[in-house]
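Q: Pasting the sequence and the predicted coordinates here, then a few questions.
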Amino acid sequence: MTESVQELGVINAITVANIDAYLRERPDRAGDLDEGAKYIVVDGHRRLEAARRAGLALIKVHVDDARVATDEVLLETAFVANFHRDDMTDLEQAHALEALVTFYGSQTKAAKRLGIAQATISSKLSLLKLSPELQADLASGARQVEHVRNLGKLSAEEQRAAADTRAVEAKERSERNRAAAPQPDPATPPADDYHGVIIQEPAPEVAVPLTSEPIAPQPAPQTPVRSGGTAVPPQAAKRKAPSSPTSAASAPRGRATSVESVPWHDLDEVAALIRSHLTPSEAAHLAELLQQAP
């Protein structure tokens with residue numbers, strides 16, 4: 001806590017009461033207080049000590065004299081504050097609940113005062129009836145609370161056997177659920193709008209001129225557009241396949257074609273050959289140019 005306070009400070013204010021309000025009902029306890037003290041800490045002893053160790057000069061303080069009006073209110077405040085600590089282990093919480101149940105006189109009254117189900121209190125208190133071995137395993141993290149809860153009525157050997165059985169069943173259930181879960185196809189992009197993923201743009205289409213000189217293959221640039229996440233395979237470039245697999249027009253895009261080999265007498269073959277070398281937009285532009293020819 002001291003390290004946390006050094007970095008973040010004391011986030012939640014501690015609760016204190018004036019010494020006069022405390023001694024009003026307990027004048028015989030004046031000798032128990034530090035000389036010159038003005039306040040008594042009701043809730044936040046650990047936070048105050050951590051702030052002192054961290055060297056803080058100021059912390060947030062809430063003054064509430066009503067919390068020390070009677071011993072009953074003071075004890076209730078201390079017990080409830082202890083029960084709601086965030087860093088409590090399951091066993092520590094069970095001990096705090098046990099103190100509250102003793103204070104209120106019954107689990108039912110404690111449940112009503114705390115706003116939790118009586119069955120929840122009973123289940124948590126069952127941890128205190130575990131064998132010392134299981135309590136030690138629970139405190140060290142060797143066992144989970146779900147595996148040892150509500151075993152207090154069994155003998156030590158029966159508790160251990162039941163806890164082992166629950167642990168095995170929980171592991172098998174987890175493995176079944178994992179096996180039954182649908183596995184994503186790594187070859188299939190996510191079915192969403194690609195928000196939050198890395199998208200690669202398709203390779204730009206490159207025009208290949210009709211020439212007798214060989215054309216060196218040009219690598220397609222892969223420029224990722226980042227928006228965070230996993231990579232999506234680049235989209236396929238939109239190209240139209242050659243219409244005639246047996247003619248000169250069936251040569252793959254990018255292969256050199258000599259002017260002498262073009263079948264100028266067959267306009268259909270010429271058109272197919274052009275389509276095999278040009279993108280649709282380039283072919284459309286060529287059509288516009290031909291229409292403008294004299």
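A: Now that the structure is in, tell me what you want to look at.
Q: measure residue 177 to residue 166 for me?
A: For residue 177, the distance to residue 166 equals 16 Å [C-beta to C-beta, to the nearest Å]. Every residue, glycine included, has its C-beta placed from N, CA and C.
Q: Compare the two and say which one has the larger neighbour count.
A: residue 166 (17 against 9; other C-beta atoms under 10 Å).
Q: What are the buried residues along the host helix or strand of that one?
A: Using DSSP states H and E, residue 166 sits within helix 156-180. Buried residues in helix 156-180, defined by neighbour count with 16 or more other C-beta atoms under 10 Å: 159-160, 162-163, 166-167.
Q: Which of the residues you listed sits closest to residue 115?
A: Closest approach between the buried residues of helix 156-180 and residue 115, by C-beta to C-beta: residue 166, at 28.9 Å.
Q: Quickly note the distance from the closest residue to that closest one other than its chain neighbours to residue 65.
A: Once flanking residues are discounted, residue 166 sits nearest to residue 147: 4.2 Å by C-beta to C-beta, 6 or more residues apart in numbering. Note on residue 147: its distance to residue 65, by C-beta to C-beta, is 46 Å.
Q: Residue 113 now?
A: 21 Å.
Q: give the contact list for residue 128.
A: 91, 94-95, 98, 152 (C-beta atoms under 8 Å, 6 or more residues apart in numbering).
Q: Out of the residues you listed, who's the most crowded?
A: Neighbour counts for the contacts of residue 128 peak at residue 94, which has 23 neighbours (criterion: other C-beta under 10 Å).
Q: Surely that residue and residue 129 touch.
A: No. Look at residue 94 against residue 129 with C-beta atoms under 8 Å: they stay out of range, at 9.6 Å.
Q: now for the helix holding residue 166, which elements pack on it?
A: Using 3 or more C-beta pairs under 8 Å, 6 or more residues apart in numbering; DSSP states H and E as the contact criterion, the elements in contact with helix 156-180 are helix 132-140, helix 145-148.
Q: Dump the C-alpha coordinates for the helix or strand where residue 22 lies into CSV.
A: Per DSSP H and E, residue 22 falls inside helix 19-24. Output of helix 19-24 as CSV, limited to C-alpha atoms (Å, rounded to 0.1, in the frame of the first residue of the first chain):
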residue,chain,number,x,y,z
ILE,A,19,-11.4,13.7,20.4
ASP,A,20,-14.1,15.6,22.3
ALA,A,21,-16.9,13.6,20.6
TYR,A,22,-15.0,10.4,21.3
LEU,A,23,-14.5,11.2,25.0
ARG,A,24,-18.0,12.4,25.6
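Q: ok, and what's touching the next helix or strand after that helix?
A: Of the helices and strands lying after helix 19-24 in sequence (DSSP H and E), the nearest is strand 39-43. For strand 39-43, contacts defined as C-beta under 8 Å, 6+ apart pick out 14-19, 22, 33, 48, 61, 63-64, 67-68, 74, 77-78, 81.
Q: do that again at 10 Å, thanks
A: Strand 39-43 is contacted by residues 12-19, 21-23, 29, 32-34, 47-49, 61-68, 73-74, 77-78, 80-82, 84 when judged by C-beta atoms under 10 Å, 6 or more residues apart in numbering.
Q: Can you list the buried residues in it?
A: 39-40, 42-43.
Q: quick one, phi psi at residue 14?
A: For residue 14, the backbone dihedrals (degrees, to the nearest 10) come out as phi -80, psi 160.
Q: Leaving aside the residues adjacent along the chain, what's closest to it?
A: Among residues not flanking residue 14 along the chain, residue 44 sits closest, at 2.6 Å (C-beta to C-beta, 6+ apart).
Q: same deal with residue 69?
A: Counting by C-beta to C-beta, 6+ apart, residue 69 lies nearest to residue 25, which is 6.9 Å off, once chain neighbours are set aside.
Q: Kindly report the same for residue 18.
A: According to C-beta to C-beta, 6+ apart, the nearest residue to residue 18 is residue 65 (5.6 Å).
Q: and what of residue 6?
A: Of all residues not flanking residue 6 in the chain, residue 54 sits nearest, at 4.4 Å (C-beta to C-beta, 6+ apart).
Q: Burial check on that neighbour, number of neighbours?
A: Neighbourhood size, residue 54 [other C-beta under 10 Å]: 17.
Q: swap in the one 4 residues further on?
A: Residue 58 has 8 neighbours, counted by other C-beta under 10 Å.
Q: Verify the stated contact: it with residue 13.
A: No. Taking contacts as C-beta atoms under 10 Å, residue 58 lies outside contact range of residue 13: 11.4 Å.
Q: Cheers, nothing more for now.
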